[in-house]
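Colleague: how does the following fold in three dimensions:
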Amino acid sequence: MSSITIRNLDDQLKASLRLRAARHGLSMEQEVRNILQSTLAAEPGAVDGLDFALRINRRFKGLGADDIPLQARQSARPLPDFGRP
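Modeller: Model prediction:
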């Protein structure tokens, strides 16, 4: 894990952070980690789920992959009968 140091933090901002952390029952460090994680996860282009799929889609858009024929799906095999009533 990495760490960072934030210098020249406004006293009022630090006090607000301390109060917010106390309301959530967390340390100031954990509260900052939570704030950063939730803020960055909400950004477009975040590396999770749908945003990741959209980035992949944009990267390969225009390569003509839409013209590739898709094979028809086959039906699933029937379930085996184990002689149960």
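Colleague: now stretch 5-17 - C-alpha only, CSV.
Modeller: Extracted in CSV, the C-alpha atoms of stretch 5-17 (Å, rounded to 0.1, in the frame of the first residue of the first chain):
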residue,chain,number,x,y,z
THR,A,5,1.0,13.4,2.9
ILE,A,6,-1.2,16.4,2.4
ARG,A,7,0.4,19.7,3.4
ASN,A,8,-1.1,23.2,3.9
LEU,A,9,-4.5,21.8,4.8
ASP,A,10,-6.9,24.5,6.0
ASP,A,11,-7.6,24.3,9.8
GLN,A,12,-11.3,24.5,9.2
LEU,A,13,-11.2,21.7,6.7
LYS,A,14,-9.2,19.5,9.1
ALA,A,15,-11.7,20.2,11.9
SER,A,16,-14.6,19.3,9.6
LEU,A,17,-12.8,16.1,8.6
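Colleague: show me what the least confident helix or strand in the chain by mean pLDDT is packed against.
Modeller: The weakest-scoring helix or strand in the chain, judged by mean pLDDT, DSSP states H and E, is helix 49-60 (a mean of 77). If contacts are counted by 3 or more C-beta pairs under 8 Å, 6 or more residues apart in numbering; DSSP states H and E, helix 49-60 sits against no helix or strand. (C-beta placed from N, C-alpha, C; glycine too.)
Colleague: 583 is where my numbering starts, stick with that
Modeller: In the new count, where the first residue is 583, that last one comes out as helix 631-642.
Colleague: now Met610, nearest residue through space, not along the chain?
Modeller: Ala603 (4.7 Å; C-beta to C-beta, 6 or more residues apart in numbering).
Colleague: so for that neighbour, what's the pLDDT?
Modeller: In this prediction, Ala603 carries a pLDDT score of 95.
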